[in-house]
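Chemist: next come a sequence and a model predicted from it.
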Amino acid sequence: MIRMIGGEMPEYAEERPPAAGALYRHLIDRLPAGAEVLVAGPHHHDLIEVLAAGRAVTCLVRSQPDAEQLSAQGFTVLCGTLAKLTGEDRYDAVIALDGTARLCSPEGPQLDWADAVRVLKRALRPGGTLLLTVENELGVHRLVDPRTVTAPGTAEWRPLGEFSTTPGRPDRLAAALGAEGLPVAGLAAVWPSQAEPTLMVTPETFRYGPLEPLAALSAGAVADTYREKPVLSDPRRLAAAAVRRGLGAELAPAWIAIAQLAARPVAVVPIPPALHLRGGRVVEGTGSLPSGRLLEELLLTAALEHDLPGLRRLLTGWMAALPTADAANVLVDDQRYAVLDPDRPDRPDALARFAATLASGGYAHPWPAVTDVARLTAILAGASGLAGASGLAGASGLAGAAGPDSPPPAPEPAPSIRNREHEQQLDVLRRQLADAEARSRFFEVELEKRDAELGRAKVQIAAFSGSLAFRAAKAGLGIARTARNRLRKGRS
């Protein structure tokens, strides 16, 4: 059943993907049975199905084609803009995991974030629960995306300008909801995207750790999202650095807040310290995570610093302990190597995949003249002790297990373009080229000086060798040598 409330968009269907994912399902499945729930904004069909199991679900969408599709699936739908929601109907829970940006339409008044929250609050019964996801407009996802909006009207339609009243930090989000009479019972940072998170961590956990495993999880999360996508910089290193520096919550792509219209002794939907996916399963907490830093990050750092002994030590330990584990799935703690996610498949060509990442990622490594992935794999294999003394032949097969003609493997997983790293590599090459040109000019000048000195010496030698004085001196020197030899013989 569809009820038009005004401001609906008859010919428009949402383009960006809706909120989805196993972590969202894990949370909303904890809502009590029998509850009446309003789902505000685009949400994946699987999430709505989870809510509909034992609960009464009403969907609010602005797109009429989307509303008709939901109605055909048997859901009750309110089609229109959020500003037309009167508050006459009240619900036990309001779910807005897609945020508030896609709740208003051009056919009605435009509400900023704070006004949208007030409307959603009016839809709650006393004691009702609000699940709200808020995008971080200065999150890692915006810092690495070359298509990020930098001026109003250049990309996505933003009627209120580039930035709105959306809180810019998790503590400000909690304060803003509390000021609206919605005390926050749970708050977590969302990685790697608001649309489909694979990692949720509370700000307290990001503050007190364990930081290294959380940094590895964050780096792995953004790696999967940005695989083969153009980026300004490697999001894995930026995400790991943010977590390690204590900014994992502040630079997260989004935050999810569980707020309640009236304070309750126990949260209706509790948020654990950490939620993450492991082999498709949702895992709570960080107790099962091994300690240490991500191997791929350590290898790239050693390569960038041209630390050959450190690079050799890491490669040797990796190939000895976990040769079929991807470098992005291994944690290093001193001399101990451990797998971060045991459910990830083995990679027999793990070393070749790291070589492809090093060669195509814009990283300045110690072998800039080597651009072929197979040769770089062989060099890395030789450094790790796999190739024996020759260093090349034994590792060539690692670059392509299917045969010598197979193409080199693509980095797994990795963004396709890193403009910032490429620019850094170009700067290094420019400095090296300028140094080589300066050395070449110096040697040219020195060579010209030596040529001039040699020319003068030849002229002097030729002049002296043809003169009478030179011939007389030469003859006298010969007579003196003969006399000296006779004297020596006479004494003997």
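Modeler: Yep, it's here.

Chemist: confidence score at the residue lying closest to residue 344 once chain neighbours are set aside?
Modeler: For residue 344, ignoring the flanking residues on the chain, the nearest one in space by Cβ to Cβ, 6 or more residues apart in numbering is residue 329 at 5.1 Å. In short, each C-beta sits where N, CA and C put it, glycine included. Note for residue 329: predicted pLDDT of 89.

Chemist: also residue 467?
Modeler: Looking at residue 467, the pLDDT reads 65.

Chemist: same check on residue 480?
Modeler: 79.

Chemist: where does it sit: helix, strand or coil?
Modeler: Three-state call for residue 480 (DSSP: H, G, I helix; E, B strand; the rest coil): helix.

Chemist: for it, grab the count of nearby residues.
Modeler: Using other Cβ atoms under 10 Å, residue 480 is surrounded by 10 other residues.

Chemist: next: the one 4 residues further on.
Modeler: Counted with other Cβ under 10 Å, the neighbours of residue 484 add up to 10.

Chemist: next one: residue 30
Modeler: Neighbour number of residue 30 under other Cβ under 10 Å is 12.

Chemist: does it really touch residue 269, like I thought?
Modeler: Yes. Because the distance of 4.9 Å satisfies Cβ atoms under 8 Å, residue 30 is recorded as touching residue 269.

Chemist: which stretches of the stretch 351-492 of the chain have low pLDDT?
Modeler: 387-425, 463-471, 474, 491-492 (pLDDT under 70).

Chemist: what about the helices in it?
Modeler: Ranges of helices in the stretch 351-492 of the chain, per DSSP state H, counting those that start in this stretch, are 373-384, 419-465, 468-491.

Chemist: report the distance from the last one to the chain centre.
Modeler: The chain centre lies 85 Å from the centre of helix 468-491; the measure is Cα atoms, centre = their mean, to the nearest Å.

Chemist: excluding residues flanking it in the chain, which one is nearest residue 188?
Modeler: That would be residue 200: by Cβ to Cβ, 6+ apart, it lies 4.3 Å from residue 188.

Chemist: so which of the helices of the stretch 351-492 of the chain is nearest residue 274?
Modeler: helix 419-465 (29.4 Å; Cβ to Cβ).

Chemist: ok, now which ones touch the residue nearest to residue 344?
Modeler: Under the criterion of Cβ atoms under 8 Å, 6 or more residues apart in numbering, the contact list for residue 329 reads 220, 339-341, 344.

Chemist: phi, psi for it please.
Modeler: Main-chain torsions, residue 329, degrees, to the nearest 10: phi -130, psi 20.

Chemist: against residue 459, how distant is it?
Modeler: Applying Cβ to Cβ, to the nearest Å, the value for residue 329 to residue 459 is 73 Å.

Chemist: and for residue 176?
Modeler: Taking Cβ to Cβ, one finds residue 176 at 90 Å from residue 459.

Chemist: what about these two, which has more around it?
Modeler: Using other Cβ under 10 Å, the more surrounded residue of residue 176 and residue 459 is residue 176, with 19 against 10.

Chemist: distance from the chain centre to the strand ranked longest in the chain, please.
Modeler: The longest strand of the chain (DSSP state E) is strand 124-135. Averaged C-alpha coordinates place strand 124-135 at 31 Å from its chain's average position (Cα atoms, centre = their mean).

Chemist: for whichever helix or strand comes after that strand, give the mean pLDDT please.
Modeler: Heading C-terminal from strand 124-135, the first helix or strand you meet, by DSSP states H and E, is helix 140-144. For helix 140-144, mean pLDDT is 89.

Chemist: what's helix 140-144 packed up against?
Modeler: helix 211-225, helix 235-244 (3 or more Cβ pairs under 8 Å, 6 or more residues apart in numbering; DSSP states H and E).

Chemist: could you dump those helices into TSV and include mean pLDDT?
Modeler: Formatted as TSV, the helices and strands packed on helix 140-144 follow (pLDDT from 0 to 100):
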stretch	mean pLDDT
helix 211-225	89
helix 235-244	90
